[in-house]
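Enquirer: sharing a model that was predicted from the sequence below.
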Amino acid sequence: MSTFKSLGLDENLLQAITDMGFETPSEVQEKAIPILLQEETDIVSLAQTGTGKTAAFGFPMLQKINPDSRTTQGLILSPTRELCMQITNELVNYGKYVKGLNVVAIYGGASITDQAKQIKKGAQIIVATPGRMKDMIGRRMIDISKIEYCVLDEADEMLNMGFYEDITEILSHSPEDKSTWLFSATMPKEVASIAKKFMHKPIEITVGSKNVSTDSVSHEFYLVNARDRYLALKRLADANPDIFSVVFCRTKRDTQKVAEQLITDGYSAGALHGDLSQNQRDIVMKSFRNRQVQMLVATDVAARGIDVDDITHVINYQLPDEIETYTHRSGRTGRAGKSGVSMVIVSKSEVRKIGAIEKKIQKKFEKKDIPGGMEICEVQLFHLANSIKNTEINHEIDMYLPTINEVLTDFSKEELIKKVFSVEFTRFYNYYKNAKDLNASAGSGDYSENDSKDTVRYFINIGGKDDFDWMSLKDFLRDLLELGKDDVYKVDVKDSFSFFNTDTKHQELVLGVFNDFKLDGRNISVEISKDRGGRGRGGGRGRDRSRGRGRGGFKGKSGGRDKGGFKKRSSGSGDDRPKFAGKSRRRSERPQNSGTGGKRRRRN
């Protein structure tokens, strides 16, 4: 078994490693550190989130730079503010015995003037998000013309967030003979492309297999009707009383809504998404790390900065658009040698996606049933028994025992136990005694649960020229109408118009919302089509052919858009959970609507 000392690290770094309690290097550290210490080379390292990648590039960089020089020698690019600050803090801890070391974090949402002052003092290593880094280079606040080492951390996620042009611009200001170290959890074609363009004969290190999930995570899926998705989430939480989880949603709007519903229903939950200010994000993450928040509801982008080792569950409230993203999600749990569970809540129309994910991650999902009400009551009952068993006695209570014994003198031991347990058990029993079965049965073939005759087909005068594809239009309609994920279906996008379906019961809502509706000053009209569910051919022939790109911001891919500007209705769940003493009920401060009307904004 190798040790950090056998990898060739200096004594001052080994001393810091001892202080932090590290004992043996992880696989990626064992493979990468000796190569990076001994050779001046480019490297591509593929390893799952939580495997110790920061130390794998951090220790070699700290050992190879000259701390006596004020010149910037190392640059680390990461996708989010949280990850940027996390890497900076880790490097500071790794280099605590390196005299003269100055590591500076550069990210959006903080004073650019203050960051420039820190750089001017002399920073051997800069950790930055691409957007802010490009901005500061453009203002000539940073000089990276002499860097020797450049790290692209979470490269797949940076490219997924649209930072390719920024990275290209940043690297154009750096020396061609620098060493580039690319670290990524997955290897999609975009990452392979950037490696080919910016690196010279890189050494490739793979921990496990490409795009494969770690063995410490088990994968489960639960099949429910789309309308029962939120109730299923609550049951999964109640069936796991010690849950400490990240709940993933696809959009910022859904993230905020689900978190608010959980808080209203008595769960200790919080939201993490791009519309929060930096201060709000810091407060939420601090509460999560301190376990004041047990269920962190997050978007994929915001969750990139989460580095918590004890997460027990990842819950996919909605599946991501890209399969590679699922790998990132599941990597939030099962870290630091511990086991974890990745749960997926799916509707009938999404079952086929499970098979596609299985092929990509080379792991099988176990189909499980949403627990029934009495099953949850039993789980909670024995959880309470164990909590009582493991509670340390506070002897300050001794002085009150005589009075307590006098009050309870008429009850036997068995009666007292029943009364104590009934306090909590009755709450769950009353809530769940008439609870319905949430499990849906899978049908045959690839179909949608909305395939019924009770449907309405609509014509809408926006389409491909407005940068819509079927997925992004479906998301736009669903968020605007505030319907469930599967309540808008059979979306068919043409060049300058499109078609979509809803159940007949939503007809009045759809027509009402689009009565005198404008988007970026343009009138958007919706009409009922005579074609109830076909491909929509001819339903809008000849209409609105002259319309151009009136939307100015919605992109073809769903998931990265700010759908601000729409009025939000109240989001009561109508299904209140029994409340528990000690649970956090403080509602997260919700930011004011940005009103950007759907324009896409990159956030660091």
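Expert: Received it, and whenever you're ready, just let me know what you need.
Enquirer: distance between stretch 244-264 and the chain's centre?
Expert: Relative to its parent chain, stretch 244-264 has a centroid offset of 11 Å by C-alpha atoms, centre = their mean, to the nearest Å.
Enquirer: do me a favour and average the pLDDT over that stretch.
Expert: Averaging pLDDT along stretch 244-264 gives 95.
Enquirer: restricting to C-alpha, output it in CSV.
Expert: The C-alpha coordinates for stretch 244-264 follow below in CSV (Å, rounded to 0.1, in the frame of the first residue of the first chain):
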residue,chain,number,x,y,z
PHE,A,244,-29.1,13.9,4.6
SER,A,245,-29.7,14.4,0.9
VAL,A,246,-29.4,16.5,-2.2
VAL,A,247,-32.6,16.6,-4.3
PHE,A,248,-32.0,17.5,-7.9
CYS,A,249,-34.5,19.5,-10.1
ARG,A,250,-34.0,20.5,-13.7
THR,A,251,-34.9,24.2,-13.4
LYS,A,252,-34.4,27.0,-10.9
ARG,A,253,-38.2,27.5,-10.7
ASP,A,254,-38.8,23.9,-9.8
THR,A,255,-35.9,24.0,-7.3
GLN,A,256,-37.4,26.9,-5.4
LYS,A,257,-41.0,25.6,-5.6
VAL,A,258,-40.1,22.1,-4.2
ALA,A,259,-37.9,23.6,-1.4
GLU,A,260,-40.7,25.9,-0.4
GLN,A,261,-43.2,23.1,-0.4
LEU,A,262,-40.9,20.9,1.8
ILE,A,263,-40.4,23.7,4.3
THR,A,264,-44.2,24.4,4.4
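Enquirer: so which bits of the longest helix anywhere in the chain are buried?
Expert: Under DSSP state H, the helix in the chain containing the largest number of residues is helix 413-432. For helix 413-432, the neighbour count (16 or more other C-beta atoms under 10 Å) marks 421, 424-425, 427-429, 431-432 as buried. No exception for glycine: its C-beta is placed from N, CA and C like everyone else's.
Enquirer: show me what it is packed against.
Expert: Helix 413-432 is packed against helix 373-390, with contacts defined by 3 or more C-beta pairs under 8 Å, 6 or more residues apart in numbering; DSSP states H and E.
Enquirer: relative orientation of the helix it packs on and helix 413-432 in degrees?
Expert: For helix 373-390 against helix 413-432, the angle by axes from the mean of the first three to the mean of the last three C-alpha atoms, to 10 degrees is 140 degrees.
Enquirer: neighbouring contacts of helix 373-390?
Expert: Residues from elsewhere that reach helix 373-390 (C-beta atoms under 8 Å, 6 or more residues apart in numbering): 235, 238-242, 371, 420-421, 424-425, 428-429, 431-435.
Enquirer: ok so, going back, now the buried residues of helix 413-432 in CSV, with pLDDT and distance to A195?
Expert: Putting these into CSV (pLDDT from 0 to 100; distance: C-beta to C-beta, whole Å) gives the following:
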residue, pLDDT, distance to A195
F421, 89, 59
E424, 78, 55
F425, 84, 57
R427, 85, 56
F428, 87, 53
Y429, 87, 58
Y431, 88, 53
Y432, 89, 53
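Enquirer: closest one of those to F221?
Expert: Using C-beta to C-beta, Y432 comes nearest to F221 of those, at 22.6 Å.
Enquirer: pull the contacting residues for the closest one.
Expert: 372-374, 376-377.
Enquirer: change it to 6 Å
Expert: 373, 376-377 (C-beta atoms under 6 Å, 6 or more residues apart in numbering).
Enquirer: redo the buried residues of helix 413-432 as TSV? Include distance to F476.
Expert: As requested, the buried residues of helix 413-432 are exported to TSV (distance: C-beta to C-beta, whole Å):
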residue	distance to F476
F421	50
E424	44
F425	46
R427	41
F428	39
Y429	43
Y431	36
Y432	37
